[in-house]
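Chemist: Sequence and predicted structure below; questions after.
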Amino acid sequence: MRVQLSALCLALVCAPAAQAAPAKADPRDGKAVFEKWCAACHAPNPRLAGTLALQTKYEGKIPAALEARTDLTPEIVAAFVRNGVAWMAPFRKTEISDAELADLGDYLTKTPGTKGKAR
Ligand code: HEC
């Protein structure tokens, strides 16, 4: 029971406190934001809603997986994240803060090959 409680502390209490520290946009943090909020639809798997929709939209002319794109800018990423599109719901600042959005924009606009390697 004691072990479980400290694990809970790590997951729920301590981790958000650590994330609250002010930081500059960092693509490594952006990867974590992507994994948490976007990968369920946009990971490089053609069965996922976002990847499938973008495959259909661009007919393979540009990569369907967001992490493989080279044409995104932080502004474009932010516009879609805050406004949503089709059945992608907009994300609120209570879900993805402006600082996390900056990290995410940074992550998704780095050259491919430096990101998405872990999968
Ligand atoms: C519920 C599934 C879902 C989630 C979660 C989701 N998206 Fe999407 N996203 C979509 C779908 C579907 C589209 C394509 C809509 C269309 O057909 O134009 C899309 C489109 C986009 C586009 C537009 C790309 C283009 O060229 O048109 C961007 C950018 C994007 N998503 C970023 C994100 C980011 C960043 C996150 C995480 C914060 C995210 N999405 C989370 C489903 C999702």
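Modeler: Happy to help now that I have it.
Chemist: Secondary structure element holding the residue nearest the centre of the chain?
Modeler: The residue lying closest to the centre of the chain (C-alpha atoms, centre = their mean) is Phe34, at 1.8 Å. Following DSSP states H and E, the helix or strand that holds Phe34 is helix 27-37.
Chemist: about what we covered before: isn't the residue nearest to the centre of the chain up against Gly105?
Modeler: No - using C-beta atoms under 8 Å, Phe34 is not in contact with Gly105; the gap is 10.5 Å. Every residue, glycine included, has its C-beta placed from N, CA and C.
Chemist: related to what we said a few turns ago, is there contact, residue-wise, from the helix holding Phe34 to the ligand?
Modeler: Yes - counting by C-beta under 6 Å from any ligand atom, the ligand is contacted by helix 27-37 at Trp37.
Chemist: shift numbering so it begins at 32
Modeler: Fine by me, first position is 32 from now on; the one you just mentioned is helix 58-68.
Chemist: what mean pLDDT does that helix have?
Modeler: For helix 58-68, mean pLDDT is 93.
Chemist: Tally up the residues packed near Leu103, please.
Modeler: Number of residues near Leu103 (other C-beta atoms under 10 Å) recorded here: 16.
Chemist: If you drop the residues flanking it in sequence, what lies closest to Arg96?
Modeler: One thing to correct before we go on: residue 96 is Ala, not Arg. Leaving out its chain neighbours, the residue that sits closest to Ala96 by C-beta to C-beta, 6 or more residues apart in numbering is Pro75, at 3.6 Å.
Chemist: Near that neighbour, how many other residues are there?
Modeler: Pro75 has 15 neighbours, counted by other C-beta under 10 Å.
Chemist: just to revisit the earlier point, now the helix holding Phe65: buried residues?
Modeler: 58, 60-62, 64-65, 68 (16 or more other C-beta atoms under 10 Å).
Chemist: Would you mind listing what in this structure touches the ligand?
Modeler: 68-69, 71-73, 80-81, 84-85, 88, 97, 107-108, 111-112, 116-119, 122, 127, 135.
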